[in-house]
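Enquirer: Here's my sequence, what's the structure:
(chains A and B)
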Amino acid sequence: DGGITQSPKYLFRKEGQNVTLSCEQNLNHDAMYWYRQDPGQGLRLIYYSQIVNDFQKGDIAEGYSVSREKKESFPLTVTSAQKNPTAFYLCASRHRGGQGDTEAFFGQGTRLTVV
Amino acid sequence: AQSVSQHNHHVILSEAASLELGCNYSYGGTVNLFWYVQYPGQHLQLLLKYFSGDPLVKGIKGFEAEFIKSKFSFNLRKPSVQWSDTAEYFCAVNAGGYNKLIFGAGTRLAVHP
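Expert: Residues are numbered from 1 along each chain as shown, chains lettered A, B, ... in the order given. Purely as a prediction, here's the structure:
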């Protein structure tokens, strides 16, 4: 089945540690996104990527980093510089251009808790 | 910069009441517009989308939305809600030619039997 897989589902991190969240898609989508979801604030865009080896900062990129070495993978690293990392993180992908745009498809999310 | 506003943060309705959730965006050019729903404990699902053509868009589960370009709006409607519509609803905008997909803050809908 095609889809987006985020792992792990739950993640605990000690303060001061970096942690990497995985996102893999087998939908052959070019564009991939990372969002952070907090109660009452909706989904806020952290980073997005249009193609391999290219990515742009979203609205709340500080304290986060990403890479896009493969089309199907877009890992997010939450660094120790992120002041309030406890949140629900969502990865998404979509097709752009060519045959036409699609909506974004979402993974099940990773809940990160800093302890 | 593009942005999305959802004016109603919490809505409480009785079953069979009509629903309208507001969504306004700021971008002057071509846009793609979406409404997503997140049921409790579940992942985000697409309700409907607008790319071009008829500004009245019909989605799943009896939902529809109308794109009014002059008002920069894309309001979501349903004539008669059910208890199972209890969820959080998100409006999203993608400005034409760009990949930046922006979401609103969401509207939490509670439907009472």
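Enquirer: Write out the residues of chain A neighbouring chain B.
Expert: Proximity of chain A to chain B, by Cβ under 8 Å from any Cβ of the partner chain, involves residues A:31, A:33, A:35, A:40-45, A:48, A:50, A:56, A:58-59, A:90, A:92, A:94, A:96, A:100-101, A:103-104, A:106-109. Where you see a C-beta, it was placed from the backbone N, CA and C, and this is true even at glycine.
Enquirer: please redo it, this time with the cut-off set to 6 Å
Expert: By the rule Cβ under 6 Å from any Cβ of the partner chain, the part of chain A lying against chain B is A:31, A:41-43, A:48, A:50, A:103-104, A:106, A:108.
Enquirer: show me what contacts residue 80?
Expert: Here I'm looking at chain A. The contact partners of A:S80, by Cβ atoms under 6 Å, 6 or more residues apart in numbering or on different chains, come to A:G16.
Enquirer: you looked at the wrong chain, it should be chain B
Expert: B:S80 sits next to B:A16 when contact means Cβ under 6 Å, 6+ apart.
Enquirer: May I have the phi/psi pair for A:G58?
Expert: Main-chain dihedrals, A:G58, degrees, to the nearest 10: phi -90, psi -150.
Enquirer: Name the nearest residue to it, sequence neighbours excluded.
Expert: Nearest residue to A:G58, sequence neighbours excluded (Cβ to Cβ, 6 or more residues apart in numbering or on different chains): A:L45, at 3.1 Å.
Enquirer: and what of A:S93?
Expert: Distances taken as Cβ to Cβ, 6+ apart put A:H29 closest to A:S93, at 3.9 Å, once the chain neighbours are dropped.
Enquirer: any idea which residue sits dead centre in chain B?
Expert: Most central in chain B under Cα atoms, centre = their mean is B:W35, positioned 3.6 Å from the mean C-alpha point.
Enquirer: isn't it right next to B:L48, touching?
Expert: Yes - taking contacts as Cβ atoms under 6 Å, B:W35 lies within contact range of B:L48: 5.4 Å.
Enquirer: Spit out the residues that contact those two alike.
Expert: B:A65.
Enquirer: Any residues of chain B in contact with chain A? List them.
Expert: Counting by Cβ under 6 Å from any Cβ, the positions of chain B adjacent to chain A are B:34, B:43-44, B:46, B:49, B:99, B:101, B:103-106.
Enquirer: Could you identify the buried members of these?
Expert: Buried by 16 or more other Cβ atoms under 10 Å in any protein chain shown: B:34, B:44, B:46, B:49, B:99, B:101, B:103-106, out of those.
Enquirer: Quick one: those residues as JSON lines, columns for pLDDT too.
Expert: Formatted as JSON lines, those follow (pLDDT from 0 to 100):
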{"residue": "B:F34", "pLDDT": "95"}
{"residue": "B:L44", "pLDDT": "92"}
{"residue": "B:L46", "pLDDT": "95"}
{"residue": "B:K49", "pLDDT": "94"}
{"residue": "B:N99", "pLDDT": "73"}
{"residue": "B:L101", "pLDDT": "88"}
{"residue": "B:F103", "pLDDT": "94"}
{"residue": "B:G104", "pLDDT": "94"}
{"residue": "B:A105", "pLDDT": "93"}
{"residue": "B:G106", "pLDDT": "95"}
